[in-house]
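Engineer: what's the 3D shape of this:
(2 chains)
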Protein chains: 2
Amino acid sequence: MLAPGARIGILGGGQLGRMLATAAAELGFDVHIFTPEQDSPAGRVAAACTIAPYEDESSLERFAAGVDVVTFEFENVPVSALQVCARHTQVRPGARSLELTQDRLIEKQFVESLGLLAAPFRPVSTAAELDVAIAALGLPAILKTRRMGYDGKGQAKITAAADAAVALAAMQSAPAVLEGFVAFSCEVSVILARGTDGAIEPFTVTQNTHRDGILRESLAPAPIPAMVAAQAVEEATAIAAALDHVGVLAVEFFVEAEGGLRVNEIAPRVHNSGHWTQDAGGVSQFTQHIRAVVGWPLARPESPPSPVQMINIIGDDATYWRNFAVQPAVRLHLYGKREVRDGRKMGHATIMDSSTDTN
Amino acid sequence: MLAPGARIGILGGGQLGRMLATAAAELGFDVHIFTPEQDSPAGRVAAACTIAPYEDESSLERFAAGVDVVTFEFENVPVSALQVCARHTQVRPGARSLELTQDRLIEKQFVESLGLLAAPFRPVSTAAELDVAIAALGLPAILKTRRMGYDGKGQAKITAAADAAVALAAMQSAPAVLEGFVAFSCEVSVILARGTDGAIEPFTVTQNTHRDGILRESLAPAPIPAMVAAQAVEEATAIAAALDHVGVLAVEFFVEAEGGLRVNEIAPRVHNSGHWTQDAGGVSQFTQHIRAVVGWPLARPESPPSPVQMINIIGDDATYWRNFAVQPAVRLHLYGKREVRDGRKMGHATIMDSSTDTN
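Structural biologist: Residues are numbered from 1 along each chain as shown, chains lettered A, B, ... in the order given. The predicted structure is shown next:
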């Protein structure tokens, strides 16, 4: 157990790093952010901030040598950066969680190796492979880069064979995966934390709505049968244990009409669909992640007393912050991003009792 | 209404400033701390920090000119510092709230001017005045400096006439007030926020236990009759309105055996007895204060679903942080203070359902 006053290094300066940093401060820790970004959201709430590329080994070494544990906000941090840090201090979660989830193909193979179902998939690097994959999986299907995708980036939907060439070109020669269409009735996620002692604490299962590949809304608890929710928690637990993960982990699932589950994505970190836990989870996913990475026992999450809805504030939505600020039962969270950009996550709002007032 | 991205200046770098700073960041604001203290708890979670004495006018001017509103964490900031800031930007709460509550004598006269009861009191500057005051109020009584007292500092109990000279010497020639003994059955506080529009939102009334002049524990809701609680809220509301206060304000009361109320102290700021609102108030007093000072409408607080207990972690208690960290239903808050000192507030813990496990 790291004692209060210890220093936590966080790779990444975005909103997840920001919310991790304030959660860490609340427990008495000092935070050092490492980010390539000037004037980052997380840097502004941290005791120290190093601005350097993730490839800058000597900056990483100094950063890691000055903290008691390193964690990351985002799975697109290069594994090499974690490896440099690991020469100087504890890194949690470990490189294995990052490596397995940075590559969609490896992630899906890992899911299947645990006896769980992913969406049907085929690796694709060439036009010929894409033709074979389409023949096997049918259309519509989605072509996704194996690496560095998030918020719908690096994805192209293929609805007719004629779209295939354009989709492949959109990958810019990066290795890709074709995912077959899953006729799902809804999408849910399990956010859980796993401690250094192996204990796992899941939050209530959350239902998610995406548009253009970006999460728009989450609803907790997800209005799905209890047995399906329990199965999702069980599968996420198996994944976290198999990764020997330490910290928060999110697993997104497709729920099929008959209640079957398909693992869609694993995120080895705090997750947008868990933001409602700040306002209605008893303990937030950010606090829980910090507790895990400093080796403290996990807190006990609580189910929301009534359904809560989390709405993402994306791009231009941010100009309507007043609409959220004036509502007494809405908890507003803004990330301090200077510039509004299309599709950029600017903040989120939690509607405390969505059964009485959903919009 | 200040827009997100605006800059909030906070006078004071202690734990209240720290918790205000993270609450402000959560709403998308940048925080600039002004404090005489090196490596302060609040400075480590703020976008900017000026380290200078409150008497340093030119530093104050630069600070105030660079922010959109100035507030304070602590009523012992000199009024002159607020006046300097007010030449450059909005100051909320205003100097009137600070002036009236910095001086115990003026505060008590103000309370009585509203038709409310304070503890019986007499101003005392000399041994002769003290004799007269003791004759009028009886013993035991408490001699308190008029200014700059907090956490039991600047106070001396007089139980026998022979103690009077020692008590007066402890005031170090500072003007003082003798407070008569109130036979109270308990102490409670009302924490409320008042917006720029004059709207007032009180939190649930809290019962407080002090030892050696320092708050040790708070319990919300206070186990007192509903009519007494309503009366306390009404009196605190009258005080906030009369001050034209903007921001959070705390009023501490003695509750007499028959349910009568005596105003003990007014704090024109977030208050230790409101810390439980971070974990069970729907909105925290820190968020509510920020909303008020940036001119947003207030959020609607919620009553805790079950009684919550807040325990202060004082001095050496901090070495037992593990006892709090390992309990899953305890929410731990530590202030990042480097040095443990006797009577120093190091953190607090909220016990979420004190009806099942109070200790």
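
Engineer: List the residues that contact residue A:256.
Structural biologist: A:182-185, A:262 (C-beta atoms under 8 Å, 6 or more residues apart in numbering or on different chains). Bear in mind the C-beta positions are built from the backbone N, C-alpha and C, glycine included.

Engineer: count of neighbours near residue A:126?
Structural biologist: Residues contacting residue A:126 under the criterion other C-beta atoms under 10 Å in any protein chain shown number 12.

Engineer: for it, phi and psi?
Structural biologist: Dihedral angles of residue A:126 (phi, psi; degrees, to the nearest 10) stand at phi -130, psi 170.

Engineer: Just say helix, strand or coil for residue A:249.
Structural biologist: What DSSP: H, G, I helix; E, B strand; the rest coil gives for residue A:249 is strand.

Engineer: Return the set of residues that bridge with it.
Structural biologist: residue A:192 (DSSP bridges).

Engineer: how close does it sit to residue A:144?
Structural biologist: Going from residue A:249 to residue A:144 by C-beta to C-beta, to the nearest Å gives 20 Å.

Engineer: who's more crowded, those two?
Structural biologist: Counted by other C-beta under 10 Å, residue A:249 and residue A:144 do not tie: residue A:249 has more neighbours, with 29 against 26.

Engineer: who's in contact with that one?
Structural biologist: Contacts for residue A:249 (C-beta under 8 Å, 6+ apart) come out as A:93, A:97, A:191-194, A:236, A:239-240, A:243, A:266-269.

Engineer: Can you list which of those are found in helices?
Structural biologist: A:97, A:236, A:239-240 (DSSP state H).

Engineer: Flag the shaky bits of chain A, pLDDT-wise.
Structural biologist: Within chain A, the stretches with pLDDT under 70 are A:149-152, A:354-359.

Engineer: tell me the centre residue of it?
Structural biologist: The residue lying closest to the centre of chain A (C-alpha atoms, centre = their mean) is residue A:271, at 3.5 Å.

Engineer: Wait, that residue touches residue A:190, no?
Structural biologist: No - Residue A:271 is beyond contact range of residue A:190, at 9.6 Å (criterion: C-beta atoms under 8 Å).

Engineer: list the residues that contact both of the two?
Structural biologist: Joint contacts of residue A:271 and residue A:190 (C-beta under 8 Å, 6+ apart) are residue A:250.

Engineer: For the closest residue in space to residue A:266 that isn't next to it in sequence, the count of nearby residues, please.
Structural biologist: Nearest residue to residue A:266 in three dimensions, chain neighbours excluded: residue A:101, at 4.9 Å (C-beta to C-beta, 6 or more residues apart in numbering or on different chains). A count of nearby residues for residue A:101, using other C-beta under 10 Å, gives 23.

Engineer: Tell me who's in contact with residue A:101.
Structural biologist: A:75, A:107, A:266-268.

Engineer: Same check on residue A:346?
Structural biologist: A:313-315, A:317-318, A:334-335, A:337, A:340.

Engineer: residues in contact with whichever residue of the stretch 1-150 of chain A sits closest to chain B?
Structural biologist: In the stretch 1-150 of chain A, the residue that lies nearest chain B is residue A:28 (2.7 Å; C-beta to the nearest C-beta). Contacts for residue A:28 (C-beta under 8 Å, 6+ apart) come out as A:4-5, B:321, B:333-336, B:347.

Engineer: who are the neighbours in contact with residue A:313?
Structural biologist: A:321, A:324, A:334, A:345-349.

Engineer: Name the nearest of these relative to residue A:120.
Structural biologist: residue A:345 (29.7 Å; C-beta to C-beta).
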